[in-house]
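In: have a look at this prediction, sequence included:
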Amino acid sequence: MMKSVTLAVCLAMLSFANIGGALAQGAQVPFAGLAIGPNSTVEISADSLSIDQESGKAIFSGNVVVGIGDMRLSADMVEVVYAAGTEGGTGAISGLIARGNVVFSNGVEAAEGDFAHLDLEAGEIVMTGNVILTQGQNALSGQSLRINLNTGTALIEGRVQTIFQTGGSE
């Protein structure tokens, strides 16, 4: 059975182990304070765009780069998810589904994985498949990462491994 480890529990254990320096150096919920939502402006560039009117899908392929405020997403393929009741290509975007070499970054933190779903309405990012999260010199890895930007919580599951830098070396 896979053990679930929240970042809060992981950080609490670290503070009890007298390595509070990791806490002071930014080991926090990833992408905290990132202001994205259903009214965010989404900019996308890619090598190609495929639109299926029948299914209402818009799929960007090849060197896809997405900008939403201070966040950048890159992937091999990104499908745009439209809000309920809107037609593909003409309605509000409710989310993005990214596949292949997925990287989220805000300039300070980065999360990499094989697959990601960004739900703009719920303010949630879910990544799966060989997830690596870096915050400065600190790194966390696991099989899945769920970040709730509204509540400031994160959950990493699937053989979680961490590397925390506790301060300068002597």
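Out: Received the coordinates, thanks.

In: rest of the way, CA atoms for contacts and neighbours
Out: Fine.

In: got the contact list for the nearest residue to A83 once chain neighbours are set aside?
Out: Computed as Cα to Cα, 6 or more residues apart in numbering, the closest residue to A83 that is not its neighbour in sequence is S94, at 4.8 Å. By Cα atoms under 8 Å, 6 or more residues apart in numbering, the contact set of S94 is P38, V81, Y82, A83, D119, L120, E121.

In: scan those residues and report the most crowded one.
Out: Most neighbours among these, by other Cα atoms under 10 Å: V81, with 23 neighbours.

In: in the sheet, which strands lie alongside the helix or strand that contains that one, parallel or antiparallel?
Out: Element membership for V81, per DSSP states H and E: strand 71-82. If you go by DSSP bridges, strand 71-82 pairs up with strand 57-68 (antiparallel), strand 93-105 (antiparallel).

In: looking at the contacts of S94, which is nearest I147?
Out: Nearest to I147, judged by Cα to Cα, of the contacts of S94 is D119 at 10.5 Å.

In: and the closest one, what pLDDT?
Out: Looking at D119, its pLDDT is 91.

In: what about Q165, which SS state?
Out: With DSSP: H, G, I helix; E, B strand; the rest coil as the basis, Q165 sits in coil.

In: make that A110, sorry
Out: Reduced to three states by three-state DSSP, A110 is strand.

In: repeat for N150
Out: Applying three-state DSSP: N150 is coil.

In: contacts only, for it.
Out: Contacts of N150 (Cα under 8 Å, 6+ apart): A122, G123, E124.

In: what is the nearest of those residues to D114?
Out: E124 (16.9 Å).

In: tell me, how many residues neighbour Q161?
Out: 12.

In: try G142
Out: 21.

In: related to what we said a few turns ago, narrow the contacts of N150 to those in strands?
Out: If you go by DSSP state E, these have E124 in strands.
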